[in-house]
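Visitor: dropping a prediction and its sequence here:
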Amino acid sequence: MLGIIYVVNACEPVPENEGAIADNTSSILSPNLSVEPSIDNDRESDQAVNAITTEEVQRNSGEQPLHASPDNPPPEMVGNPQISDENDFAAVAQRETITSDAERIAEFSSNYMVAQPVDLPDRSSSESPNIVKYALETNNLPGTRIYTRIGSILIDRFQRRCSRYLSSHQAQLVFLSNGGPTRDRFGLDPDGDGFACDWDPIPFRTAVRN
């Protein structure tokens with residue numbers, strides 16, 4: 001059966017260009033064919049690209065391109081008047097002298113001004129108490145009873161009252177603004193130490209000593 005098929009195929013006319021396809025196929029299947037890239041072709045391709053690049057540069061700038069190399073000459077230094085040369089001793093020595101330096105120092109000294117310290121502004125007219133001043137005027141430690149408190153306040157009620165304020169500093173300010181430290185209208189100082197909601201005066205005292 002296979003033999004018959006081969007005979008029929010042999011009798012069919014050969015299409016145009018089929019011989020070329022057959023030759024290409026045979027060359028692909030040839031064991032002697034090398035698949036390594038051609039080094040010469042790569043070099044020719046690189047040379048062609050470099051030639052195009054060189055031609056473009058010469059046409060646009062009219063100068064031969066300079067490739068990176070340690071043998072290249074140093075670039076030409078172009079002066080920039082916006083860049084200071086105060087650190088260049090040779091440049092400064094050409095235009096300045098000892099006399100001109102002394103005159104410039106004297107000019108700077110005449111324009112030198114010293115700000116004199118002044119007293120802090122008086123805030124005694126302020127209606128609100130100063131908690132920093134209060135911290136410096138007291139010397140008892142937090143938790144030391146100084147003032148008498150009538151009755152007792154539960155811990156949870158004390159914490160609930162203190163939670164109304166953003167910080168212990170604000171609670172202390174409200175406490176002093178409403179009769180404190182001798183009176184505790186809102187129950188913010190149940191232990192009678194003069195400090196509301198566990199406010200601590202020690203950091204202010206330490207800052208002054210240091």
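Guide: Okay, I see it.

Visitor: which residues in the protein form helices?
Guide: Here the chain has its helices, by DSSP state H, at 2-11, 18-29, 39-61, 89-95, 98-110, 131-137, 155-162, 168-177, 202-209.

Visitor: buried stuff in stretch 176-184?
Guide: Neighbour counts over stretch 176-184 (16 or more other CB atoms under 10 Å) mark Leu176, Gly180, Pro181, Asp184 as buried. For every residue, glycine as well, the C-beta is placed using N, CA and C.

Visitor: got the contact list for that stretch?
Guide: Stretch 176-184 is contacted by residues 128-129, 131, 134, 146-147, 149, 175, 185-186, 188-190, 192, 194-196 when judged by CB atoms under 8 Å, 6 or more residues apart in numbering.

Visitor: buried among these? Make that a ChimeraX selection.
Guide: Of the contacts of stretch 176-184, the buried ones go into a single ChimeraX selection, burial set by 16+ other CB under 10 Å:
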select :131,134,175,186,188,189,190,192,194,195,196
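
Visitor: just send the buried residues of stretch 176-184 back as TSV, with distance to Asp85 too.
Guide: Formatted as TSV, the buried residues of stretch 176-184 follow (distance: CB to CB, whole Å):
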residue	distance to Asp85
Leu176	64
Gly180	68
Pro181	68
Asp184	73
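
Visitor: quick check, nearest of those to Val114?
Guide: Top of the list for closeness to Val114, among those and by CB to CB, is Leu176 at 39.5 Å.

Visitor: pLDDT at that closest one, what is it?
Guide: Leu176 is assigned a pLDDT of 94 by the prediction.

Visitor: how far away is Asp200 from Asp193?
Guide: Noted for Asp200: a distance of 11 Å to Asp193, by CB to CB, to the nearest Å.

Visitor: check Ala93 too.
Guide: Using CB to CB, we find Ala93 at a distance of 73 Å from Asp193.

Visitor: any idea how many residues pack against Met113?
Guide: Using other CB atoms under 10 Å, Met113 has 6 neighbouring residues.

Visitor: correction: the previous question concerned Gln116.
Guide: Using other CB under 10 Å, Gln116 is surrounded by 5 other residues.

Visitor: same check on the one 3 residues further on?
Guide: Around Asp119 sit 5 other residues, with neighbours defined as other CB under 10 Å.

Visitor: so for Asp200 and Asp193, which residue has more residues nearby?
Guide: It is Asp193, of Asp200 and Asp193, that has more neighbours when counted by other CB under 10 Å, with 21 against 14.

Visitor: so what pLDDT did the more buried one get?
Guide: pLDDT, Asp193: 92.

Visitor: correct me, but it touches Asn139?
Guide: No - between Asp193 and Asn139 there is no contact under CB atoms under 8 Å: 11.7 Å.

Visitor: thinking again about what came up before, mind listing the shared neighbours of Asp200 and Asp193?
Guide: Common contacts of Asp200 and Asp193, defined by CB under 8 Å, 6+ apart, comprise Pro142.

Visitor: hmm, who's touching stretch 153-172?
Guide: For stretch 153-172, using CB under 8 Å, 6+ apart, the contacting residues are 131, 134, 174, 186-188, 190, 195-200.
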